[in-house]
Each structure stands twice: as C-alpha cells, then as structure tokens.
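# just coords:
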C-alpha cells in the first residue's frame with residue numbers, strides 16, 4: 001500500500017495551470033464560433049428563403065428590399081463574435097505557456113498540458129469556423145437570393 005502512495009505522489013497533475021483560465025473561457029473559445037456559425041447559416045437561409053418563397057409558389061425576385069444588407073450585417077456580427085472566440089482562445093494559449101514545454105506539436109503529442117491543449121483546440125476550431133462564416137457571408141451576399149424557378 002505504501003508503494004502505491006509513493007507512486008501517486010510522484011506523478012504531477014496533467015494540467016498544473018488549470019486555475020489560470022476559467023472553464024467558461026475555455027468553453028467559449030471552443031464552442032462560441034460553431035454556435036455563431038450555425039445561427040448565422042440558419043438565419044441567412046431562413047431570411048432568404050422566406051423572402052423568395054413566402055407561400056406555395058416561388059417568386060421571380062426577392063420580396064424584401066435590402067436583403068443583402070441584412071445578411072451582411074448578420075454576417076459581420078457573426079464574424080465579430082467568432083473573432084472574440086479566437087481572441088479568447090489565443091489568450092488562453094498565451095496564459096498557459098508554462099504548463100508544458102514546447103510548441104503546438106508537443107502539446108498535441110504529450111499527455112501533459114491539458115489546459116494548453118484545449119486552448120490550442122480552441123484556436124483551431126474557431127479559425128476554421130471563422131473561415132466558414134466568411135464563406136457563408138460571401139455566398140449569401142454575392143449570389144442572387146431568388147433564382148427564377150418559373151420558366
């Protein structure tokens with residue numbers, strides 16, 4: 001029994017700097033950008049489809065003037081929130097520099113530095129979803145909202 005205790009006391013915690021960053025900050029850096037992207041895509045699709053197909057027959061043109069402006073404003077708000085998530089993730093990454101030695105490759109390979117690993121995952125996820133938000137904004141703004149379905 002004493003040998004087990006000695007082994008347990010020699011092992012360090014895998015996330016020694018876990019108290020530096022709140023769980024809310026890590027959660028926001030991981031999940032805010034995907035959540036904002038899903039809201040953006042649902043709202044832009046819903047607004048565009050309801051303005052082009054209000055009842056049972058499609059319209060030849062948009063029923064709501066300025067639909068591109070509304071979609072652009074929504075996309076800019078979504079991009080600002082995703083930028084906030086990127087900023088939170090990068091800040092978490094910088095605050096946990098001393099948790100595990102090495103760069104991002106070592107954080108991915110080693111089992112130490114759990115908080116730093118989650119911050120790195122937040123950087124990757126928020127960057128990818130920020131690109132998706134920009135892509136959705138480009139498509140929603142530059143493509144026509146209503147295609148002439150009736151020939």
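It's in. Bear in mind the structure is a predicted one, so any value in this text is a computation, not a measurement.
# list the contacts for residue 72?
137, 141 (CB atoms under 8 Å, 6 or more residues apart in numbering). Placement of C-beta: from N, CA and C, glycine included.
# what number of residues lie near residue 76?
Counted with other CB atoms under 10 Å, residues neighbouring residue 76 total 12.
# Tell me how far it lies from residue 22.
Distance, residue 76 to residue 22, using CB to CB, to the nearest Å: 28 Å.
# again with residue 138
Counting by CB to CB, the gap from residue 138 to residue 22 is 35 Å.
# Over to residue 32?
As judged by CB to CB, residue 32 and residue 22 stand 14 Å apart.
# who's more crowded, these two?
Remark: of residue 32 and residue 22, residue 32 carries more neighbours, 21 against 11, as counted by other CB under 10 Å.
# looking only at pLDDT, what's the mean for the host helix or strand of the more buried one?
Using DSSP states H and E, residue 32 maps to helix 23-52. The pLDDT scores in helix 23-52 average 86.
# what comes up buried for it?
Neighbour counts over helix 23-52 (16 or more other CB atoms under 10 Å) mark 25-26, 28-30, 32-37, 40-41, 43-44, 47-48, 51-52 as buried.
# likewise stretch 75-86?
Buried, per 16+ other CB under 10 Å, within stretch 75-86: 75, 78-79, 81-82, 84-86.
# Now tabulate the residues you listed in TSV and tack on secondary structure and distance to residue 68.
Below are the buried residues of stretch 75-86 laid out as TSV (DSSP: H, G, I helix; E, B strand; the rest coil; distance: CB to CB, whole Å):
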residue	secondary structure	distance to residue 68
75	helix	10
78	helix	15
79	helix	16
81	helix	20
82	helix	20
84	helix	25
85	helix	26
86	helix	26
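# would you turn those residues into JSON lines with pLDDT and distance to residue 116?
Output for those, formatted as JSON lines (pLDDT from 0 to 100; distance: CB to CB, whole Å):
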{"residue": "75", "pLDDT": "90", "distance to residue 116": "32"}
{"residue": "78", "pLDDT": "95", "distance to residue 116": "28"}
{"residue": "79", "pLDDT": "94", "distance to residue 116": "26"}
{"residue": "81", "pLDDT": "96", "distance to residue 116": "24"}
{"residue": "82", "pLDDT": "95", "distance to residue 116": "22"}
{"residue": "84", "pLDDT": "95", "distance to residue 116": "20"}
{"residue": "85", "pLDDT": "95", "distance to residue 116": "17"}
{"residue": "86", "pLDDT": "94", "distance to residue 116": "16"}
